[in-house]
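Asker: Kindly generate the corresponding structure for this input.
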Amino acid sequence: MRFSRRDLAMLLPALATGNASAQQPPKGTLPSKVYHLAQIPYSGDEKKKGRAFFQGADHSGFKLEAHETVLGAGTETHAPHKHESEEVVIVFEGTAEIFIDGKTELAEAGSVIYLGSNQMHSLRNAGTTPCRYYVIELRGREA
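Answerer: Numbering: from 1, shown residues only. Modelled structure (predicted):
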């Protein structure tokens, strides 16, 4: 089959449009952007405060969340609990005492903690200064 120049000229815009839409992330996905600290207010008090950066799905539908928590001296995040989603915790400042499945360990600033699915866990500020940490929760796909 042979195509004329006119046929090709009519085809090119359709091809360009189809290709551009294939490169766009699906609607409802997390946008690529910078989440500026100064634009995200804390909620809570000096014993325990936090702020959420984002929560949503990536291009494949995998849901994730990122937030920051600051704990005052001796403050625990919550009683030990478990959930299906995994979490990555990055200790940014201070010293965290992490409880995972019956064992307790100290995690200093710069430490990274991985919490697997359905593992009992909690975190407490083990120091005398604020303990700041960031959490990336890997929520997965809905069934």
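Asker: use CA for all of it now, contacts and neighbours both
Answerer: Fine.
Asker: For residue 133, see how far away residue 71 is.
Answerer: 9 Å (C-alpha to C-alpha, to the nearest Å).
Asker: neighbour-wise, which of these two wins?
Answerer: residue 71 (26 against 23; other C-alpha atoms under 10 Å).
Asker: For the more buried one, name its beta-bridge partners.
Answerer: residue 48, residue 131 (DSSP bridges).
Asker: What's the per-residue pLDDT of it here?
Answerer: On pLDDT, residue 71 comes in at 98.
Asker: Please apply the same query to residue 24.
Answerer: Taking residue 24 on its own, its pLDDT is 53.
Asker: Poorly predicted segments of this structure, please.
Answerer: Residue ranges of the chain with pLDDT under 70: 1-27, 142-143.
Asker: And the strands in it?
Answerer: Counting by DSSP state E, one finds strands in the chain at the ranges 43-44, 48-57, 63-71, 86-93, 95-100, 103-108, 112-115, 121-125, 131-140.
Asker: Minimum distance to residue 35: which of these has it?
Answerer: Across the strands of the chain, residue 35 has its closest neighbour in strand 48-57 (6.4 Å, C-alpha to C-alpha).
Asker: Okay, buried residues for that closest one please.
Answerer: 48, 49, 50, 51, 52, 53, 55, 57 (16 or more other C-alpha atoms under 10 Å).
Asker: Enumerate every residue touching the closest residue to residue 88 other than its chain neighbours.
Answerer: Closest residue to residue 88 apart from its sequence neighbours, by C-alpha to C-alpha, 6 or more residues apart in numbering: residue 114 at 4.7 Å. With contacts defined as C-alpha atoms under 8 Å, 6 or more residues apart in numbering, the neighbours of residue 114 are 86, 87, 88, 89.
Asker: Fine, thanks again, bye for now.
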